Structures are given as structure tokens and as C-alpha cells.
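>>> this one's sequence-less:
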């Protein structure tokens with residue numbers, strides 16, 4: 001693109017018009033304001049970088065991590081170190097920006113001095129041009145008036161009766177017109193000299209101002225370029241710092257850290273022995289022994305369950321009756337409880353089902369009431385929940401230690417050693 005010149009583009013449309021020059025001056029003032037804006041931007045960025053850097057340093061120094069061990073501890077410490085390094089780099093960058101601000105301030109003041117110098121010269125030339133122009137225009141009007149008066153006086157000589165007097169007046173008017181013409185001519189010559197001087201000064205001033213404007217644009221362009229370079233370098237440095245942390249993180253190993261903790265804090269190679277129940281009362285403290293309940297493991301068969309078919313013998317019947325006790329209804333229908341008032345002299349009462357068929361025969365049983373010594377939560381469908389202090393009725397005692405009891409109309413299996421005879 002072909003360069004344009006200030007001196008060829010900023011002339012006024014009138015001899016006394018200075019709009020072109022005023023436009024150039026306004027551009028220089030706007031440029032000065034732009035320099036101040038650039039300074040303000042760098043100042044604010046410098047303050048932000050300084051604050052950010054100090055905050056990073058504070059964070060790095062206050063961060064904990066002292067409770068960690070082994071490779072993760074080393075990685076965490078490396079991260080803190082690199083964060084502090086990044087913070088210090090941002091503080092250094094803040095100092096660089098402050099120096100850039102001082103350079104721009106110096107440049108702006110130097111340009112201001114040069115601009116003021118040429119502004120002063122142009123102001124003097126313009127004032128001189130305007131003053132002489134006004135003087136020339138005044139002499140021109142006077143010259144025109146004098147010429148008009150001389151013409152009128154000369155035309156009046158032929159018409160007047162006082163010929164000598166009219167000729168004398170016409171001669172005086174012509175002389176005054178000639179003097180006005182000389183003065184007007186001199187002023188025009190002087191004005192042309194001033195105009196030439198003003199034109200040359202305008203051109204040279206425009207050239208200087210264009211140079212100042214070019215220097216300002218170049219300086220700010222370089223300042224912005226350097227600004228971008230500084231922050232690009234800062235990003236590169238940040239990445240280099242974090243790369244050091246990443247190298248250490250690559251060595252962070254889960255197994256190594258866990259092994260380190262175990263080696264440092266191990267307390268034993270096996271669990272403690274289980275706590276077994278020790279009955280306060282002797283084994284035969286009650287009329288009969290509750291037995292020992294055996295709990296089946298996860299892979300074992302439910303061997304703890306007794307055969308669901310039990311044989312009951314009744315001495316009065318002299319025969320045995322088979323009953324299935326898996327169903328609570330069957331167990332309750334099979335058993336009848338004998339009221340003491342119904343006992344005969346022989347200590348036995350006749351069972352209510354003797355008059356019915358032999359298949360409906362039932363057995364007599366002695367009522368057994370027990371209290372719950374320890375709470376038990378059922379772990380299968382045929383077991384029953386019991387709580388300490390509750391009273392249950394034992395319906396059957398299994399040889400494997402599991403007893404069938406009834407509580408609040410519900411029946412199920414419970415450990416026999418969790419019960420005590422009332």
C-alpha cells in the first residue's frame with residue numbers, strides 16, 4: 001500500500017481555515033491518551049500478576065500434606081514447590097510490566113515536548129498570517145473606497161460651475177486612491193511572504209507530526225508484542241514447572257504407597273481369638289440341659305436342622321404317633337396341654353382325641369416355659385427373633401441344640417443355649 005502524507009492531505013478550504021491542522025493536532029492528542037490507556041492496562045496487569053504470584057506463594061507455603069507418605073507425599077511436595085516457582089515467576093513478570101510502563105511514560109512525555117515545540121511555531125505563523133490577512137483586506141476596502149471617490153470627483157468636474165475647485169478635489173481624491181493602492185499592494189506582497197512561510201511551516205510540521213505518530217504506533221505495537229511474548233513465555237514456564245511435577249507423578253505407585261504404610265504401621269499378622277460365651281451357671285444348674293446350638297457356615301448344608309418328622313410316645317396309648325413339626329399349625333394341633341385340674345389320681349388325664357380315629361391321636365406334653373437370656377436375630381425363614389427378657393414356650397428340644405419355641409402365637413427355631421428355665 002502506497003503511504004499517504006499528512007502534508008498533502010490536511011489543508012484548509014479557506015485562507016484562514018485551519019481545520020486540517022486541527023485534525024492532525026487532535027490525532028496527536030488522541031495518541032497521547034492512548035499511551036495513557038496502555039500504561040493503565042500494564043499497571044493493572046502488573047498489580048494482578050503481583051497479587052496472583054503472592055497468592056500462589058502463600059498457597060504453596062500454607063498447603064499441608066504432612067500426613068501423607070511415600071511417593072504420593074513426594075508428588076504433593078513437588079506440586080507445592082512448582083506452584084511457588086510459578087508464583088515467583090509471576091512476581092518477576094509484574095516487575096517487567098512496571099518497567100514497560102515507565103518506558104511508555106518517558107516516550108509519551110518526550111513526544112509531548114516535541115509536539116508543543118512545533119505547535120508553538122505553527123501558532124505564531126498562523127497568528128501572523130491572520131493578522132496580515134485582516135490588514136490586507138482592510139487596505140483593499142480602503143483602496144476601493146478611494147478609487148470610487150476619485151472617479152466620482154473626476155466625473156463631477158465637468159458638471160460643476162467651480163471648475164478649479166472641482167479639479168483640485170478630484171486631484172486630491174486620485175492621490176489618495178493611489179496611496180491606498182500602494183498600501184494595498186504592499187500588504188498583498190507581505191501577506192504572500194507570510195503565506196509562503198506558513199505553508200512551508202505547515203508542511204514541515206505535518207512531516208514532524210506524521211513521524212511522531214508513526215513512532216507512537218510503532219512503540220505501542222512493540223509494547224503489545226512484548227506483552228504477548230511475556231505471557232506466552234509465562235505459559236511455557238508454567239508448563240515446564242508442571243512437567244516437573246508430572247514426571248514425579250509418573251513414579252507415584254499405589255502398591256508402593258500401601259506397602260510403605262503397612263511396613264511403617266503394621267500391628268499384627270492375624271485377628272484376635274473370638275470371644276466365647278461362658279455360662280455363669282453350671283451346666284446342670286437347671287433341671288435339664290439346653291444343649292449347644294451349632295451354626296452352619298456359608299458352604300455347609302443346613303445340617304443343623306433336625307429331622308422334621310418326630311415320634312412321640314404316650315404311655316397311656318402304648319403306641320407311638322408320628323408328627324411333622326415344620327408347620328406351626330401341625331405342631332400346635334398335635335400337642336394338647338393338660339390342666340392340672342383334669343389330672344386323675346394316677347397323675348394322667350385322658351386325651352381329648354381318644355374317642356376319635358387312631359390317625360387323629362395326639363400326645364400329651366408337659367408345659368415348658370423359658371426366659372430368653374440373650375437376644376437372637378433370625379437368619380432363616382424357619383427361625384424366630386427373640387429378645388432378652390422375653391418368655392417363650394418350648395415345644396421341642398432338638399439334639400443339635402436348636403429348639404422349637406412359641407412366642408405370641410409365632411413358632412420357630414432358636415438356639416437352646418440362649419434360653420433359661422424359669
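Looks like it came in fine. Given the structure is predicted, the values throughout are model-derived calculations rather than measurements.
>>> and the helices in the stretch 201-350 of the chain?
All helices of the stretch 201-350 of the chain, identified by DSSP state H, counting those that start in this stretch, fall at 254-265, 328-334.
>>> residues of the first one that come out buried?
The one in question is helix 254-265. Across helix 254-265, burial judged by 16 or more other C-beta atoms under 10 Å covers 257, 260. C-beta: built from backbone N, CA, C; applies to glycine.
>>> where along the protein do the strands fall?
Shown for the chain, the strands assigned by DSSP state E span residues 309-314, 319-324, 335-337, 363-365, 369-372, 391-397, 402-407, 410-415, 419-421.
>>> give me the mean pLDDT for the fourth one.
Just to be clear, that refers to strand 363-365. In this model, strand 363-365 has an average pLDDT of 38.
>>> and what of the longest one?
Confidence over strand 391-397 (mean pLDDT, whole number) is 93.
>>> for the residue lying closest to residue 10 once chain neighbours are set aside, what are its contacts?
Nearest residue to residue 10, sequence neighbours excluded (C-beta to C-beta, 6 or more residues apart in numbering): residue 20, at 3.1 Å. By C-beta atoms under 8 Å, 6 or more residues apart in numbering, the residues touching residue 20 are 9, 10, 11, 12.
>>> same thing with residue 146?
173, 176, 177, 179, 180, 181.
>>> any chance of CSV for those residues, columns neighbour count?
Shown next, in CSV, are those (neighbours: other C-beta atoms under 10 Å):
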residue, neighbour count
173, 20
176, 18
177, 21
179, 13
180, 21
181, 17
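>>> let me know the pLDDT of the residue nearest to residue 10.
pLDDT, read off for residue 20, is 91.
>>> and residue 230, by the same measure?
Residue 230 carries a pLDDT score of 89 in this model.
>>> just give me the neighbour total for it.
17 (other C-beta atoms under 10 Å).
>>> now residue 400
Neighbours around residue 400, by other C-beta under 10 Å: 16.
>>> torsion angles phi and psi at it?
Main-chain dihedrals, residue 400, degrees, to the nearest 10: phi -90, psi 10.
>>> wait, residue 16 touches residue 132, no?
No: using C-beta atoms under 8 Å, residue 16 makes no contact with residue 132, being 11.0 Å away.
>>> roughly how far apart are the nearest residue to residue 203 once chain neighbours are set aside and residue 24?
Leaving out its chain neighbours, the residue that sits closest to residue 203 by C-beta to C-beta, 6+ apart is residue 7, at 4.3 Å. Noted for residue 7: a distance of 10 Å to residue 24, by C-beta to C-beta, to the nearest Å.
>>> what residues are shared contacts of the two?
residue 206.
>>> how much space between residue 174 and residue 167?
Separation of residue 174 from residue 167 (C-beta to C-beta): 11 Å.
>>> list the contacts of the nearest residue to residue 32 once chain neighbours are set aside.
In space, and not counting its chain neighbours, residue 32 is closest to residue 108: 6.0 Å by C-beta to C-beta, 6+ apart. For residue 108, the contact set (C-beta under 8 Å, 6+ apart) comprises 32, 35, 36, 39.
>>> quick one: residue 383 and residue 412 touch, right?
Yes: assessed by C-beta under 8 Å, residue 383 is found in contact with residue 412 at 5.2 Å.
>>> of those two, which one has the most company?
Neighbours per residue, other C-beta under 10 Å: of residue 383 and residue 412, the larger number sits with residue 412, 21 against 15.
>>> what sits closest to that one if chain neighbours are left out?
residue 384 (2.9 Å).
>>> which pLDDT value goes with that neighbour?
Residue 384 is assigned 94 on the pLDDT scale.
>>> tell me the phi and psi of it?
phi -130, psi 140.
>>> for it, give its distance to residue 421.
When residue 384 is compared with residue 421 (using C-beta to C-beta), they lie 18 Å apart.
>>> same check on residue 268?
In terms of C-beta to C-beta, residue 268 sits 42 Å off from residue 421.
>>> residue 150 against residue 177, yeah?
Yes: Residue 150 sits in contact with residue 177 when judged by C-beta under 8 Å, with a separation of 4.2 Å.
>>> one step back: thought the residue nearest to residue 203 was touching residue 201?
No: applying C-beta under 8 Å, one finds residue 7 not in contact with residue 201, separated by 10.8 Å.
>>> hang on, the earlier thing: how much space separates the residue nearest to residue 10 from residue 241?
Computed with C-beta to C-beta, the distance linking residue 20 and residue 241 is 56 Å.
>>> now swap in residue 220 and tell me
Computed with C-beta to C-beta, the distance linking residue 220 and residue 241 is 31 Å.
>>> what's the answer for residue 180, then?
88 Å.
>>> bridged to residue 393, which residues?
residue 369, residue 406 (DSSP bridges).
>>> show me the contacts for residue 257.
When contacts are counted by C-beta under 8 Å, 6+ apart, residue 257 touches 69, 70, 71, 72.
>>> of all the residues you listed, which comes closest to residue 376?
residue 69 (44.5 Å; C-beta to C-beta).
>>> which one of the contacts of residue 108 has the most neighbours?
If you count neighbours using other C-beta under 10 Å, the busiest of the contacts of residue 108 is residue 35, which has 21 neighbours.
>>> list the contacts of residue 249.
Per C-beta under 8 Å, 6+ apart, neighbours of residue 249: 75, 78.
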